[in-house]
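**Student:** 3D, please:
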Amino acid sequence: MELSRKASETKADVILFLGVKFMAETAKVLNPTKTVLIPSLRAGCSLASSITGADVRKLKAMFPGVPVVAYVNTDADTKSEVDVCCASGNAAKVVKWALKNWKTNQVIFLPDKFLAQNVARDMGADIYFPDMNASVRTLRAMPLPRPNIPLFIGWEGKCEVHEKFTPQDVTELRKDFPGVYIMAHPECPPEVVEKVDFSGSTGEMIKNITEPDVQDKQVAFFTECAMVEMLAAKHKNVLQVCSIQKRCPHMATNNLETVIAALENMAFEITVPEELRAKAELPIRRMIAIK
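**Tutor:** Just a heads-up that it's a prediction; the model follows:
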């Protein structure tokens with residue numbers, strides 16, 4: 001999300017986005033007059049592909065009047081059907097905003113199952129994953145597990161990188177590196193997040209590594225290993241442990257060859273139909289405005 005914001009600030013007419021498709025789409029949604037390129041058409045995302053705009057419309061029919069919060073890791077088609085977007089670092093704040101403004105204690109949070117579970121736990125909320133084949137009548141009659149307690153209605157999407165981390169990874173890492181300080185992205189399973197020392201967004205983890213009580217310790221990250229490699233180049237205390245390294249195959253399609261080809265051929269251009277773009281922009285702008 002921060003990269004898309006930065007894209008809005010540039011005076012350049014062409015933006016080459018070295019990321020995955022939903023990121024480049026978000027940049028295009030926020031910068032409709034600029035040309036946005038992505039080096040690889042294979043740069044997808046398991047989270048973004050786990051849900052569609054049609055899925056969101058079905059959820060809204062099942063739970064009328066319930067606000068829909070979508071993680072930014074979604075395609076423009078999905079964003080166009082939701083009420084507000086969130087990033088991993090502000091998810092709880094956005095959910096609280098939605099509950100307050102819709103005057104409800106229920107929220108549809110999609111598509112990341114583990115992020116939803118981690119945020120719900122931190123908020124003391126309950127969470128429910130609906131059977132999409134159940135009847136609307138059955139779903140509408142669903143009782144709240146705890147009255148007056150927020151209820152997340154989740155989705156089953158998962159990041160194919162972060163879902164691979166396990167509690168056993170944490171146990172073995174602490175055994176091999178006594179005193180290690182472990183940070184995990186909230187896209188990791190709740191059982192992993194509960195066992196680490198800190199969980200936060202990419203930006204929050206980068207900031208936390210310089211905290212006084214952390215900077216003198218060995219630090220390990222449960223997140224995409226390209227970021228770990230970048231941090232290890234800047235911070236001597238960052239561990240690169242082969243046994244826990246997980247690489248995003250989609251991000252990895254961006255390399256020097258594809259970047260050069262993109263610049264030489266002005267490819268591949270990201271386009272978003274204006275009607276869809278305008279609808280997708282609203283929930284993103286709402287998120288940006290939430291302080």
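**Student:** C-alpha only now, for contacts and for neighbours.
**Tutor:** Will do.
**Student:** tell me how many other residues crowd Lys207.
**Tutor:** 11 (other CA atoms under 10 Å).
**Student:** may I have the phi/psi pair for it?
**Tutor:** As for Lys207, its main-chain torsions (degrees, to the nearest 10) stand at phi -70, psi -40.
**Student:** can you pull the contacts of the closest residue to Leu239 other than its chain neighbours?
**Tutor:** Nearest non-adjacent residue to Leu239, counting by CA to CA, 6 or more residues apart in numbering: Ala220, 5.3 Å away. Ala220 makes contact with 180-183, 238-241 under the criterion CA atoms under 8 Å, 6 or more residues apart in numbering.
**Student:** just the element for Ala220, please.
**Tutor:** strand 219-222 (DSSP states H and E).
**Student:** need the CA coordinates for that strand. CSV is fine.
**Tutor:** The C-alpha coordinates for strand 219-222 follow below in CSV (Å, rounded to 0.1, in the frame of the first residue of the first chain):
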residue,chain,number,x,y,z
VAL,A,219,16.6,-11.5,15.0
ALA,A,220,14.7,-13.9,12.8
PHE,A,221,11.7,-13.1,10.6
PHE,A,222,8.7,-15.3,9.6
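**Student:** next structured bit after that strand?
**Tutor:** That would be, after strand 219-222 and using DSSP H and E, helix 225-234.
**Student:** tell me which residues in that following helix are buried?
**Tutor:** Residues 225, 228, 231-232 are the ones in helix 225-234 that count as buried (16 or more other CA atoms under 10 Å).
**Student:** pLDDT for these - can I get that in TSV?
**Tutor:** Below are the buried residues of helix 225-234 laid out as TSV (pLDDT from 0 to 100):
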residue	pLDDT
Cys225	95
Val228	95
Leu231	95
Ala232	95
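**Student:** ok, back up a step: and the gap between the residue nearest to Leu239 and Lys164?
**Tutor:** 16 Å (CA to CA, to the nearest Å).
**Student:** re the thing from before, okay if I get the buried residues of helix 225-234 as CSV plus distance to Ser40?
**Tutor:** Shown next, in CSV, are the buried residues of helix 225-234 (distance: CA to CA, whole Å):
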residue, distance to Ser40
Cys225, 20
Val228, 22
Leu231, 25
Ala232, 26
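**Student:** look up how far Ile284 lies from the nearest residue to Asn31 once chain neighbours are set aside.
**Tutor:** Excluding the flanking residues, the one nearest Asn31 by CA to CA, 6+ apart is Ser8, at 6.0 Å. Using CA to CA, Ser8 is found at 13 Å from Ile284.
**Student:** for Asn254, give me its contacts.
**Tutor:** By CA under 8 Å, 6+ apart, the neighbours of Asn254 are 18-19, 39-40, 43.
**Student:** quick one: which of these is most hemmed in?
**Tutor:** Of the contacts of Asn254, with other CA under 10 Å as the count, Pro39 tops at 27 neighbours.
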